[in-house]
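> Got a predicted structure plus its sequence, pasted below:
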Amino acid sequence: MALGWAMSPLVGDPLRGFQLLSAAASCLVMFPLAALGRRVAPAPVAAAAALAVLFIPGVWLHAGRGFTDTAAAFFALWAAALAVHGLEGSRGTGFTLLVTAAFLIRPILLPPLSLLWLAGTLPVRPVRRLLPGVILGLAATVVAVASLVVAQGSWAGFASSFITHATTHARNLAEHNPGGVLDLGLVKGVGGAWAAAGLAVLALLGIVVWARRAGRGSGAAWAAIVVVTVTQLVWLQNRTFSRYAVPLDMALAPLLAGVASAAAPPILAAGTLAVLGAVWGAGSFPLLVEQHTTPLPGWAAVQLAVVEADRTAADVVVEPGLYPFLSYKEQLDRRTGRPWRFRWYLAPSSPDSKELPSGRYLLVTNYPFHYFGSLDGEAVRFPTASERLRPLTQGRFLDVALFPDPVLPVRGWWLPEVAEGLGKFMWGGPEAEMLVPPLPGGKALVLDVVPYPGPAPLDVVINGTVALTVPGDAPRAALALDARVFSTELTNRLVFRRAEGYIPSASDQRRLSVQLWGLSFAAAPPTSAASRVPSPPAPGPTRP
């Protein structure tokens with residue numbers, strides 16, 4: 001982030017600055033890769049291997065994205081290049097500072113970076129030669145942490161943010177990190193199972209060649225770093241993200257150089273590696289073009305939401321995953337003298353949501369299936385990644401929608417389910433609550449709803465007033481509520497109140513009260529407080 005902000009005066013945008021630095025690092029990393037390869041292979045072979053890995057699909061596509069992986073790999077590989085060629089004199093200090101820079105850019109790489117530092121410094125004698133680098137590295141770390149504390153306002157704020165992020169990361173690993181071998185970012189990032197298997201074999205052979213030509217200790221260090229990095233990619237990071245594998249993909253270059261030089265004359269080895277790079281590049285180029293011509297849907301949705309909110313005087317409700325985009329957009333607009341006239345709120349699904357809008361609002365969501373959409377049917381969807389590009393993305397912020405004035409589930413709801421042939425529905429508990437936007441004058445709200453079978457009646461409460469009571473054994477029906485019970489200027493609280501919920505089975509312990517199939521405007525205002533329009537009966541409860 002500091003590097004990005006340092007570039008901001010030159011390019012006007014800190015993210016663009018970091019993207020340019022990342023792109024430059026992805027080109028300049030060829031030099032330390034070639035230097036590493038030169039330890040076990042002739043110069044042409046080492047250079048060809050270094051160039052080839054830069055065209056691995058995951059490496060090339062993420063080079064200019066502004067992620068931390070490329071920049072961290074750049075510093076780590078420069079450190080490795082110094083280490084394999086000796087740390088005499090002040091080179092030991094430079095080595096430690098390079099490892100520190102890689103760590104500060106991507107702290108989660110601490111395990112393999114620690115192994116790199118230990119492997120590089122073990123031969124250094126006397127040990128006191130390492131002290132300047134260690135002291136400077138610790139000082140840089142202290143400055144970095146202190147800067148974050150200042151940015152957060154206090155140690156408590158820093159600790160809270162750190163713990164929240166760590167907790168969220170751990171929960172996502174446990175709940176949302178599925179997939180087998182073919183879903184690994186390690187596999188998808190190099191083009192699929194066959195490419196990954198071939199590179200794995202070549203990497204193992206490369207370590208053997210390295211051990212023979214550069215020493216067993218050096219070969220053991222390579223093996224340890226590779227094993228620890230792969231372990232992290234599978235168990236400590238989201239295993240499906242190909243960008244996390246970028247440092248490892250780059251580090252394959254010297255191993256490929258060693259295998260190629262051991263298997264063929266230099267000219268043939270270099271030519272083969274060049275052809276391999278060309279194949280990777282030819283396959284990746286169309287995806288690269290698509291990536292640079294199709295805005296990320298999450299970012300495009302946030303930009304449009306800001307424009308529409310400013311135009312219509314509506315507020316913005318944003319999912320927590322999209323909040324960083326909104327926050328960044330707010331910073332950019334503030335710096336250019338365009339402060340926002342509207343307010344923003346976190347979606348009620350976020351545990352950090354503290355308040356809700358009181359007037360008209362726009363919802364920006366990367367989970368459009370979780371909502372019934374706008375009452376008038378309006379929605380804006382955004383172009384997403386092609387099926388070829390999708391495996392190389394993070395799979396996030398691709399399915400995004402902008403809903404003007406949708407109904408928001410506030411509390412007491414389970415995620416939507418789909419009944420075959422009947423559509424989407426949501427189960428609610430005894431006090432399931434929704435936020436309804438201000439309704440246009442004369443418009444009536446229609447609820448497509450059925451109580452979970454049970455003796456207790458279901459009350460439909462609008463802004464604290466019971467607008468309708470439905471018997472607990474009533475069939476599915478479309479209930480049109482009188483427009484007069486809703487505010488036309490302020491948001492409305494809709495509560496499905498019931499004395500108790502009912503547990504479907506021993507395997508489904510949810511306390512269910514109401515099954516909601518949708519909300520819409522009535523075709524014409526009802527003449528009474530509510531009218532019932534029969535519809536097909538609902539199926540029994542299903543598992544989400």
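Thanks, I have it. A quick note: this is a predicted structure, and the numbers were derived from the prediction, not measured. Residues are numbered from 1 along each chain as shown.
> Let's verify Asp249: helix, strand, or coil?
Of the three states, Asp249 takes helix under DSSP: H, G, I helix; E, B strand; the rest coil.
> Do I have it right that it meets Lys188?
No - Asp249 lies out of contact with Lys188 (C-beta atoms under 8 Å); the separation is 11.4 Å. (Each C-beta comes from the backbone N, C-alpha and C, glycine too.)
> Can you check which residues contact both of the two?
Gly58 (C-beta atoms under 8 Å, 6 or more residues apart in numbering).
> low-scoring stretches of the chain, by residue?
523-544 (pLDDT under 70).
> any idea which helix or strand carries Lys424?
Per DSSP states H and E: Lys424 is located in strand 423-436.
> so what strands line up beside the next helix or strand after that strand?
Under the assignment DSSP H and E, the closest C-terminal helix or strand after strand 423-436 is strand 445-451. When pairs are called by DSSP bridges, strand 445-451 turns out to pair with strand 477-481 (antiparallel), strand 514-521 (antiparallel).
> Mind checking those for the one nearest to Val259?
Checking the strands paired with strand 445-451 against Val259 by C-beta to C-beta gives strand 514-521 as the closest, at 60.4 Å.
> re the thing from before, could you give the angle of the strand holding Lys424 to strand 477-481?
Put simply, strand 423-436 runs at 20 degrees to strand 477-481, going by axes from the mean of the first three to the mean of the last three C-alpha atoms, to 10 degrees.
> send the alpha carbons of strand 423-436 over as CSV?
The C-alpha coordinates for strand 423-436 follow below in CSV (Å, rounded to 0.1, in the frame of the first residue of the first chain):
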residue,chain,number,x,y,z
GLY,A,423,-39.0,-21.5,-7.9
LYS,A,424,-37.1,-19.8,-5.0
PHE,A,425,-38.3,-19.4,-1.5
MET,A,426,-36.9,-18.4,2.0
TRP,A,427,-37.7,-19.9,5.4
GLY,A,428,-38.2,-17.5,8.2
GLY,A,429,-38.3,-17.9,12.0
PRO,A,430,-40.9,-16.7,14.5
GLU,A,431,-39.7,-13.0,14.4
ALA,A,432,-38.3,-12.9,10.8
GLU,A,433,-37.9,-9.3,9.8
MET,A,434,-37.5,-7.4,6.5
LEU,A,435,-36.8,-3.8,5.5
VAL,A,436,-39.3,-2.6,2.9
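> Out of the strands paired with strand 445-451, flag the one nearest Leu439.
Comparing these by C-beta to C-beta, strand 514-521 comes nearest, at 8.1 Å.
> Would you mark the buried spots in the closest one?
514-521 (16 or more other C-beta atoms under 10 Å).
> chain center to it: distance?
31 Å (C-alpha atoms, centre = their mean, to the nearest Å).
> where's Ala224, which helix or strand?
Ala224 is located in helix 216-235, with elements delineated by DSSP H and E.
> So what touches that helix?
Here helix 216-235 has contacts from 84, 108-109, 111-112, 115-116, 119, 122, 173, 184-186, 203, 207-208, 210-212, 239, 244-245, 247-248, 251, 255, using C-beta under 8 Å, 6+ apart.
> Over to the spatially most central residue of the chain. Which of the three states is it?
Compute the mean C-alpha point of the chain, and by C-alpha atoms, centre = their mean the closest residue is Arg396, 5.2 Å away. Three-state call for Arg396 (three-state DSSP): coil.
> Setting aside sequence neighbours, what's the nearest residue to Trp155?
Val149 (5.7 Å; C-beta to C-beta, 6 or more residues apart in numbering).
> Restrict stretch 32-50 to CA atoms and write it as CSV.
Provided in CSV are the C-alpha atoms of stretch 32-50 (Å, rounded to 0.1, in the frame of the first residue of the first chain):
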residue,chain,number,x,y,z
PRO,A,32,17.0,-12.9,-10.3
LEU,A,33,15.4,-15.9,-11.9
ALA,A,34,18.1,-16.1,-14.6
ALA,A,35,20.7,-15.5,-11.9
LEU,A,36,19.3,-18.4,-9.9
GLY,A,37,19.2,-20.6,-13.0
ARG,A,38,22.8,-19.7,-13.9
ARG,A,39,23.8,-21.6,-10.7
VAL,A,40,22.9,-24.9,-12.4
ALA,A,41,22.6,-24.2,-16.1
PRO,A,42,24.3,-22.2,-18.9
ALA,A,43,23.2,-18.6,-19.3
PRO,A,44,20.9,-19.1,-22.4
VAL,A,45,19.1,-22.0,-20.7
ALA,A,46,18.7,-20.0,-17.4
ALA,A,47,17.3,-17.0,-19.3
ALA,A,48,14.9,-19.1,-21.4
ALA,A,49,13.6,-20.8,-18.3
ALA,A,50,13.1,-17.4,-16.6
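> Return the distance of that stretch from the chain's centre.
35 Å.
> List the buried residues for it?
By 16+ other C-beta under 10 Å, the buried positions in stretch 32-50 come out as 32-42, 44-50.
> circling back: take the strands paired with strand 445-451 and lay them out in a markdown table including distance to Trp280.
A markdown table is the format used below for those (distance: least, C-beta to C-beta, whole Å):
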| stretch | distance to Trp280 |
| --- | --- |
| strand 477-481 | 57 |
| strand 514-521 | 48 |
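> Of these, which is nearest Ser90?
strand 514-521 (69.2 Å).
> which residues of the stretch 351-500 of the chain fall in strands?
Listed in chain order, the strands of the stretch 351-500 of the chain (DSSP state E, counting those that start in this stretch) span 361-365, 380-381, 401-404, 408-413, 417-419, 423-436, 445-451, 458-462, 465-470, 477-481, 492-498.
> okay, those, which one's buried deepest?
Of these, the one with the most neighbours on average (mean count of other C-beta atoms under 10 Å) is strand 361-365, at a mean of 26.
> could you say what helices and strands the host helix or strand of Ala79 packs with?
Here Ala79, judged by DSSP H and E, is contained in helix 68-84. In terms of contacts (3 or more C-beta pairs under 8 Å, 6 or more residues apart in numbering; DSSP states H and E), helix 68-84 is packed against helix 14-28, helix 30-37, helix 57-63, helix 91-105, helix 110-121, helix 246-263.
> Tell me which of those sits nearest to Lys354.
helix 14-28 (27.6 Å).
> Contacts for the closest one next, please.
Looking at what lies outside helix 14-28 - C-beta under 8 Å, 6+ apart - the contacts are 1, 3-8, 10-11, 54, 59-60, 63-67, 70-71, 73-74, 328.
> Does Tyr323 touch Ala347 like I think?
No - look at Tyr323 against Ala347 with C-beta under 8 Å: they stay out of range, at 9.1 Å.
> who has more neighbours, these two?
Ala347 (24 against 17; other C-beta atoms under 10 Å).
> what about the more buried one, distance to Pro32?
44 Å (C-beta to C-beta, to the nearest Å).
> swap in Leu148?
28 Å.
> Same question for Val407.
Where Pro32 is concerned, Val407 sits at a distance of 55 Å (C-beta to C-beta).
> what's the answer for Asp405, then?
With C-beta to C-beta as the criterion, Asp405 and Pro32 are 54 Å apart.
> same deal with Leu398?
34 Å.
> what's the answer for Gln232, then?
On the measure of C-beta to C-beta, Gln232 and Pro32 end up 21 Å apart.
> cool, and Ala385?
32 Å.
> His169: what secondary structure?
Quick answer, by three-state DSSP: His169 is helix.
> Tell me, how many residues neighbour it?
15.
> go on, Leu115?
The burial count for Leu115: 18, using other C-beta under 10 Å.
> show me what contacts it?
So Leu115 contacts 221, 224-225, 228 (C-beta under 8 Å, 6+ apart).
> can you put these in CSV and add distance to Phe162?
CSV is the format used below for the contacts of Leu115 (distance: C-beta to C-beta, whole Å):
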residue, distance to Phe162
Ala221, 31
Ala224, 28
Ile225, 26
Val228, 23
